[in-house]
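Chemist: Sequence and predicted model, in that order:
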Amino acid sequence: MTHIFVNIPTNDLERAKAFYTALGCELNPLFTDENAACVVWSENIFFMVLTKEYFSTFTDKEFADPKTHAQVLLSISRDSREDVDRIVEAGVAHGGTAPGEPQDYGFMYGRDLIDPDGNGIQFMYMDPEAAAKGPDAYMAEQARA
């Protein structure tokens with residue numbers, strides 16, 4: 001089984017823990033201490049939120065400031081458009097920002113959320129039928145209907 005661990009730096013670990021738990025995530029206490037928090041998104045997806053000092057023990061590279069530089073674009077699926085809106089609104093209520101307008105492609109809906117440290121996450125919903133058939137075939141069917 002493959003698991004995904006995304007390591008992200010934070011300036012304030014307690015603030016980051018409060019932010020991600022407000023989004024509905026749980027923390028795995030076995031991998032959470034004064035240096036890091038293991039944020040559980042699902043049984044296979046985790047964020048390791050690390051203090052900058054601890055993060056720097058894993059790399060010799062300089063930090064890119066996530067408030068001004070993009071390094072990756074993370075996208076996490078939700079079960080509905082309403083779930084996308086709900087999680088983004090919870091993030092904004094707990095110190096995040098939601099830049100830009102929602103992206104609505106009919107078969108796919110997404111919104112961006114920036115955490116208090118500047119790390120960006122896109123939350124998206126894709127119609128299961130469009131995911132199974134591919135967006136072109138799904139949109140062609142919708143046009144014929």
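Modeler: Done, it's in. Residues are numbered from 1 along each chain as shown.
Chemist: How far away from the center of its chain is the host helix or strand of Met48?
Modeler: Under the criterion of DSSP states H and E, Met48 resides in strand 45-51. Strand 45-51 sits 11 Å away from the centroid of its parent chain (C-alpha atoms, centre = their mean, to the nearest Å).
Chemist: Mean confidence (pLDDT) on it, please.
Modeler: Strand 45-51 carries an average pLDDT of 96.
Chemist: ok, that strand: who's next to it in the sheet?
Modeler: The pairing partners recorded for strand 45-51 under DSSP bridges are strand 4-10 (parallel), strand 36-40 (antiparallel).
Chemist: Make JSON lines from those strands and add mean pLDDT to it.
Modeler: Converted to JSON lines, the strands paired with strand 45-51 look like this (pLDDT from 0 to 100):
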{"stretch": "strand 4-10", "mean pLDDT": "94"}
{"stretch": "strand 36-40", "mean pLDDT": "98"}
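Chemist: Comparing the ones you listed, which comes out most buried?
Modeler: Most buried of the strands paired with strand 45-51, by mean neighbour count (mean count of other C-beta atoms under 10 Å): strand 36-40, with a mean of 20. Using the backbone N, CA and C atoms, a C-beta is placed for each residue, glycine as well.
Chemist: still on that earlier bit, show me the contact partners of the helix or strand that the strand holding Met48 is followed by.
Modeler: Using DSSP H and E, the next helix or strand after strand 45-51 towards the C-terminus is helix 52-55. Helix 52-55 is contacted from outside by Asn7, Pro9, Thr10, Asn11, Asn35, Ala36, Phe63, using C-beta atoms under 8 Å, 6 or more residues apart in numbering.
Chemist: What is the nearest of those to Lys17?
Modeler: For the contacts of helix 52-55, the closest approach to Lys17 (C-beta to C-beta) belongs to Thr10, at 8.9 Å.
Chemist: Identify the bridge partners of the closest one.
Modeler: Where Thr10 sits in a bridge, its partners, by DSSP bridges, are Thr51.
Chemist: Help me confirm that it comes into contact with Ala16.
Modeler: Yes - in this structure, Thr10 is within contact of Ala16 by C-beta atoms under 8 Å, at 4.2 Å.
Chemist: which residues are in contact with both of those two?
Modeler: Common contacts of Thr10 and Ala16, defined by C-beta under 8 Å, 6+ apart, comprise Val49, Asp117.
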